[in-house]
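**Q** Got a sequence here, can you build the structure:
(2 chains)
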Amino acid sequence: MTEQRILSRQNLGPLFERLAADGRRILAPVRHGDRVGFERVTRPDEVALDYVQTRTSAKSAVFPPYEPLLQFALQGKDVQVAEPAPDAAPTVLFGVHPCDAASFATLEAVFTWDTPDLPFESKRANLTIIGLSCTQGDAYCFCTSVGGGPGDPRGSDILLTPIGATHFLAEILTERGQAVARLAGELLEPHRGNGKDAALAQIPPRFDARQLGAKLPALFNHPAAWQEQALRCLGCGACAFVCPTCSCFDITDERDRYHGVRLRCWDSCGLALFTLHASGHNPRTKQSERWRQRVMHKFAYQPERLGVLGCVGCGRCSRACPVDMNLAQHAQQLAETAV
Amino acid sequence: MSTIAAPAAPARRSLYTPYRMRIAKVTDEAPAVKTFRLEFVDPADAAAFDFKAGQFGEYSVYGEGESTFCIASPPTRKGYIECTFRQVGRVTSALADRDEGDIIGFRGPYGNIFPIEQWHGKNLLFIAGGIALPPMRCVIWNCLDLRDRYKDVTIVYGARTVADLVYKHELAEWDARPDVNLYTTVDPGGQTPDWKGRVGFVPTVVEQVGPSAADTIAIVCGPPIMIKLTLPVLTKLGFQPENIFTTLENRMKCGVGKCGRCNVGKLYVCKDGPVFTFAQLRDLPAEY
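**A** As a prediction, this is how the structure comes out:
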């Protein structure tokens, strides 16, 4: 039961103050030159809401690039082990586009299935997502090919859609959204009936991700489906670094003489060392096999196994790729390849 | 280096927090190969712990990292677990430096199991190469400790050289038992003057021994090349892929289906495996 309200841009300042007074920190898009990224902010004038896409995703809010899983105090061979208190302060992620908001469902599926992952869950449980519909896209955007859209409410607790230059339509979508609405009080004004759709960007669909996923297993050994695409792949992992749903990680220890830490760090199936055994055996020796794993995992394995797509169509991987590989283009090609 | 956080006791233990284990016994098995017997430091952990044959864990030296090995001792022997590892990288080197009495970490048990209860009344054929005997040793002892539930037990085990054979005392013990048929072999050139076993590669020895496929479960574990050449021999002997089991050892970090490292197709070796039949593997990408 969605409630609709109107939020004036002038009221963002008071809203931020009330969120802060409630003990919540705010992460929002901030512009530095030609880059926009999610950072901690206190005032709306720090925030860039007219962006197409941030360079890196918002996943760091729940799954940071590296985080301590354990801390050790080392005295010779004696060791004391402590679980670090998770950095899980109540947080509002403000102004994420619907693709990023949707990515949290994929992350949740990975981190909560079968065995709960406390470092993830403690942060996710304290996160409220105030999404921002897209009024502009670019040639890299393909949310509508993977079940999303520029005004898709899924994943947001509150979704803001710009109405003219001065207001947002605010859709209050979840209990967490209600909690923020209660804090906002009169800052959220009654809805005056402004339409949402007219404001939204046009993102034409390029393929159907569900149909592609059903077909991919049959393309696994296709002689032309992977090889040529992957020839240029440098195996640098930039695509995974910027991806909002990539969740593969490494666990590694660091230490000095008296202290140690067990860290979880982002990793990627595109990197050659990812699957390398200590013996030298590597299950995926070729870059084409690693690229295939990336595509299969996102569009076939995760949907079948966890019921979620591993792609939200944000296009970051293709913007970041130093050799101009384009996931949407390749997905479209695969969708058109005869089995 | 960050400081240790205030000791706010977490409501639940993180899955990444290992059990504290004391090294009760170190056995040198072969060059650079050791077996650790591990006992729980906390009696409550020991009381709550249970596992089944085929499962694995993450063993760690605090400050050096974690490594994945199977539990090499059988669940029929209570109060401890054992692991056998070869010193290869950073973590296994740090482990190899530990002595009896030292504390290391263990997370587990993880993964699925060998369905040994479904094998009651059947013949068992174990085929192992080199450092792949440890995952099988758990099953072998589990079944030998419940010996009357199984018919013939045959073990074919080979290594490159006589020195590389692990569990030498147990091989002698199995050899002496009338209810175990043991065939040990070493690669040509790996024999010593007083070597009494066979000389030849494992697949060849399996063919020479020629075990009957009737009412028999085969469990095969070894380097990829050994498995590749042994399967056709088993097929020729009449074994069906659903009666041939193996355990995969893809690289792992979390052990619980999150880190993404051990994926083979849609399966996680850490959750859906490590135990698979060759009927299952036939339908998977050969990414293991």
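**Q** Could you check which residue of the stretch 51-200 of chain B lies nearest chain A?
**A** Proximity of the stretch 51-200 of chain B to chain A (Cβ to the nearest Cβ) peaks at residue B:63, 3.2 Å away. Where C-beta positions appear, they are placed from N, C-alpha and C, glycine not excepted.
**Q** if I look at that residue, how far off is residue B:20?
**A** The spacing between residue B:63 and residue B:20, counted by Cβ to Cβ, to the nearest Å, is 14 Å.
**Q** What helix or strand is the residue of the stretch 51-200 of chain B closest to chain A located in?
**A** According to DSSP states H and E, residue B:63 maps onto no helix or strand at all.
**Q** Likewise for residue A:201?
**A** Using DSSP H and E, no helix or strand contains residue A:201.
**Q** Tell me how far it lies from residue A:47.
**A** Separation of residue A:201 from residue A:47 (Cβ to Cβ): 19 Å.
**Q** same question, residue A:9
**A** From residue A:9 over to residue A:47 (counting by Cβ to Cβ), the distance is 11 Å.
**Q** How about residue A:159?
**A** Here residue A:159 is placed at a distance of 16 Å from residue A:47 (Cβ to Cβ).
**Q** can you check residue A:297 too?
**A** Distance from residue A:297 to residue A:47, counting by Cβ to Cβ: 34 Å.
**Q** Tell me, how many residues neighbour the residue of the stretch 151-288 of chain B found nearest chain A?
**A** Nearest residue of the stretch 151-288 of chain B to chain A: residue B:260, at 3.4 Å (Cβ to the nearest Cβ). As a burial measure, residue B:260 scores 26 neighbours (other Cβ atoms under 10 Å in any protein chain shown).
**Q** which residues touch it?
**A** Taking Cβ atoms under 8 Å, 6 or more residues apart in numbering or on different chains as the criterion, residue B:260 is in contact with A:110, A:247-249, A:267, A:269, A:297.
**Q** Then residue B:85?
**A** Taking Cβ under 8 Å, 6+ apart, one finds B:33-34, B:36, B:59, B:67, B:69, B:92, B:95-96 in contact with residue B:85.
**Q** roughly how far is the helix or strand containing it from the heart of the chain?
**A** In the assignment (DSSP H and E), residue B:85 maps to strand B:81-86. The chain centroid and the centroid of strand B:81-86 are separated by 8 Å, computed with Cα atoms, centre = their mean, to the nearest Å.
**Q** remind me, longest helix of chain A?
**A** helix A:98-112 (DSSP state H).
**Q** Okay, angle between whatever helix or strand comes next after that one and helix A:98-112 too, please.
**A** Downstream of helix A:98-112, the first helix or strand assigned by DSSP H and E is helix A:118-125. Counting by axes from the mean of the first three to the mean of the last three Cα atoms, to 10 degrees, helix A:118-125 lies at 140 degrees to helix A:98-112.
**Q** rewinding a little: residue A:159 and residue A:47 - which one has more neighbours?
**A** Of the pair residue A:159 and residue A:47, residue A:159 is the one with more neighbours under other Cβ under 10 Å, namely 27 against 20.
**Q** can you confirm that one is in a strand?
**A** Yes - under DSSP: H, G, I helix; E, B strand; the rest coil, residue A:159 sits within a strand.
**Q** Quick one, grab the pLDDT at it.
**A** For residue A:159, the model assigns a pLDDT of 97.
**Q** do the same with residue A:318
**A** Per-residue confidence (pLDDT) for residue A:318: 97.
**Q** Can you give me every residue that contacts the closest residue to residue A:219 other than its chain neighbours?
**A** Excluding the flanking residues, the one nearest residue A:219 by Cβ to Cβ, 6 or more residues apart in numbering or on different chains is residue A:225, at 4.8 Å. Taking Cβ under 8 Å, 6+ apart, we find residue A:225 in contact with A:219, A:292, A:334, A:337.
**Q** Which residues of the stretch 101-250 of chain A lie near chain B?
**A** Residues of the stretch 101-250 of chain A lying close to chain B (Cβ under 8 Å from any Cβ of the partner chain) are A:110-111, A:113-119, A:220, A:247-250.
**Q** how many other residues sit next to residue A:97?
**A** Neighbours of residue A:97 (other Cβ under 10 Å): 28.
**Q** now do residue B:79
**A** 10.
**Q** which residues touch it?
**A** By Cβ under 8 Å, 6+ apart, the contact set of residue B:79 is B:39, B:46.
**Q** Just list the residues touching residue B:146, thanks.
**A** Residue B:146 is in contact with residue B:76, counting by Cβ under 8 Å, 6+ apart.
**Q** so what's it scoring on pLDDT?
**A** For residue B:146, the model assigns a pLDDT of 97.
**Q** Same question for residue B:159.
**A** Listed pLDDT for residue B:159 reads 97.
**Q** Any idea what it is bridged to?
**A** Beta-bridge pairing of residue B:159 under DSSP bridges involves residue B:186.
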